[in-house]
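Colleague: Give me a model of this one.
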Amino acid sequence: MTPATVSGPSRFAQLSEGIPRPFWALLLGTFITKAGSFVMPLLFVYLSQGRSLPLPLAGAITSLYGLGSLFGSFLGGIMADRFGRRFTMLASLLVGAAFLLVLGLSVELWQLAVATFLMGLTADAYRPASQALVADIVPPKHQMKAFGMQYWAINLGFTFASVIGGYMAKRNFGALFIGDAITTLVLAFIVWRAIPESRPEPAPGHPQHPPPAGNALTPFTDAKYGPFLFLNFLIALLFFQHLSSLPEDMRLKGLSTEEFGLSIAANGLLIVLFQPLATRLASGHSKARVLALAAALTGVGFGLTTFATTLPTYALTVAIWTWGEILFAPVNASIVATLSPTHLRGRYQGAFTITWSLAAMASPLIGSSLIPVIGHRALWLGCLVVGLAVALAHLTLSARALPKEPLSE
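Modeller: You can find the predicted model right below:
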């Protein structure tokens with residue numbers, strides 16, 4: 001008996017089992033474009049420091065990205081179901097690269113506002129189509145693994161983007177927009193050359209058979225999916241504080257944009273190092289319990305920010321809420337794929353993305369409005385309360401509503 005027979009399949013063989021070739025091409029392109037995603041993580045910093053806008057105004061314009069993302073997610077989900085995943089992805093990426101450059105060239109306040117909205121609109125029209133494509137081409141029993149790898153690649157790229165972006169922002173904000181646009185076009189080229197259309201076609205014997213009932217609002221009225229979306233929105237509200245309230249908190253305590261970039265880079269680095277381990281640790285447990293733990297860690301991490309004063313202590317708080325992110329991201333993706341009817345897969349993915357878009361829009365408004373009134377300490381403690389409340393809801397409501405089978409790698 002050979003050693004290979006004794007030890008079983010290698011880790012690489014286990015990782016690649018059931019994963020089709022187009023997924024690997026998409027994974028490579030995703031990493032490249034995320035490694036160049038300089039603008040969104042530093043948008044609030046660019047507006048408040050690069051353009052010297054007052055804090056409430058910078059928060060309001062940043063929230064327009066979330067508003068654009070809201071409409072983009074809605075539109076992208078519909079387009080993915082009607083016109084195909086590949087077409088939607090290409091349209092979003094090509095137009096999105098153009099609007100990145102437009103934002104970088106904008107000077108007047110109205111130009112900054114419109115360009116930010118359009119950038120959010122085009123950027124998040126891509127996401128539901130991309131997630132629907134993965135759900136189309138990867139067999140269900142391997143989807144958790146595929147979404148985990150996709151999430152890993154996103155954050156590996158994000159780690160590079162945070163460090164490089166923070167360094168570039170200190171010297172030349174304009175380079176952020178050019179670099180971001182170029183990597184977006186690289187992903188568009190990969191989609192054009194290597195990604196086939198995956199939208200399910202009607203059965204050959206029933207070409208005229210009407211599709212099952214459903215519309216753009218169906219995901220929100222789904223008795224199981226609707227509460228899941230609401231709880232995800234609350235956690236996303238906390239998560240997006242790291243793009244608005246966190247950099248302002250660090251600035252007031254004397255830290256630079258470069259140090260902000262380094263602290264946020266800890267987020268991507270930890271995900272790259274520990275996400276595969278977290279997936280294995282979560283296997284065998286119910287989805288509701290894993291989501292409850294993720295929500296609690298997110299709330300605690302942001303809550304402890306009230307005590308952070310130095311780069312190491314900020315990095316520690318980032319590490320805590322990052323563990324929450326590590327747990328909930330691939331679990332959420334697999335839940336969305338499981339609960340989505342095939343003919344409405346794009347719309348269900350779009351609805352999930354909308355919860356993030358709403359949070360991206362509301363979070364900077366909430367943070368920039370509340371901080372001058374109640375201060376950072378109360379804001380961070382409020383994040384703690386919300387995180388623990390969502391954890392309790394998952395242990396009670398989600399435990400009854402979500403699929404009961406335990407997670408698997």
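Colleague: got a list of what I178 touches?
Modeller: Residues near I178 by CB atoms under 8 Å, 6 or more residues apart in numbering: L101, G104. Using the backbone N, CA and C atoms, a C-beta is placed for each residue, glycine as well.
Colleague: Model confidence score at it, please.
Modeller: I178 is assigned a predicted lDDT (pLDDT) of 90.
Colleague: Could you do E325 as well?
Modeller: 88.
Colleague: Which helix or strand contains it?
Modeller: E325 is part of helix 311-339, with elements assigned from DSSP states H and E.
Colleague: Distance from the chain centre to the helix or strand just after that helix, please.
Modeller: Counting by DSSP H and E, the element after helix 311-339 in chain order, helix or strand, is helix 345-393. In terms of CA atoms, centre = their mean, to the nearest Å, the centre of helix 345-393 is set 14 Å apart from its chain centre.
Colleague: same for helix 345-393, what does it pack against?
Modeller: helix 55-82, helix 126-137, helix 218-221, helix 225-239, helix 245-252, helix 287-303, helix 311-339 (3 or more CB pairs under 8 Å, 6 or more residues apart in numbering; DSSP states H and E).
Colleague: Report the inter-axis angle for that helix versus helix 287-303.
Modeller: Using axes from the mean of the first three to the mean of the last three CA atoms, to 10 degrees, the inter-axis angle of helix 345-393 relative to helix 287-303 is 70 degrees.
Colleague: mean confidence score for stretch 402-409?
Modeller: Mean pLDDT, computed over stretch 402-409, is 62.
Colleague: which regions of the stretch 251-400 of the chain lie under the pLDDT threshold?
Modeller: Applying pLDDT under 70 to the stretch 251-400 of the chain flags the ranges 279, 282-284.
Colleague: related to what we said a few turns ago, give the buried residues for the helix holding E325.
Modeller: By neighbour count with 16 or more other CB atoms under 10 Å, helix 311-339 contains the buried residues 311, 314-337, 339.
Colleague: how about the helices and strands packed on helix 345-393 in TSV, adding distance to T184?
Modeller: As requested, the helices and strands packed on helix 345-393 are arranged in TSV below (distance: least, CB to CB, whole Å):
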stretch	distance to T184
helix 55-82	14
helix 126-137	9
helix 218-221	27
helix 225-239	23
helix 245-252	23
helix 287-303	29
helix 311-339	22
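Colleague: Out of those helices, which is closest to F31?
Modeller: Between F31 and the helices and strands packed on helix 345-393, the tightest spacing by CB to CB is seen for helix 126-137, at 13.2 Å.
Colleague: distance between the very next helix or strand once past the closest one and the chain's centre?
Modeller: Per DSSP H and E, the first helix or strand lying C-terminal to helix 126-137 is helix 140-169. Relative to the centre of its chain, helix 140-169 is centred 10 Å away, using CA atoms, centre = their mean.
Colleague: What is the subsequent helix or strand relative to helix 140-169?
Modeller: Next helix or strand after helix 140-169 toward the C-terminus (DSSP H and E): helix 174-194.
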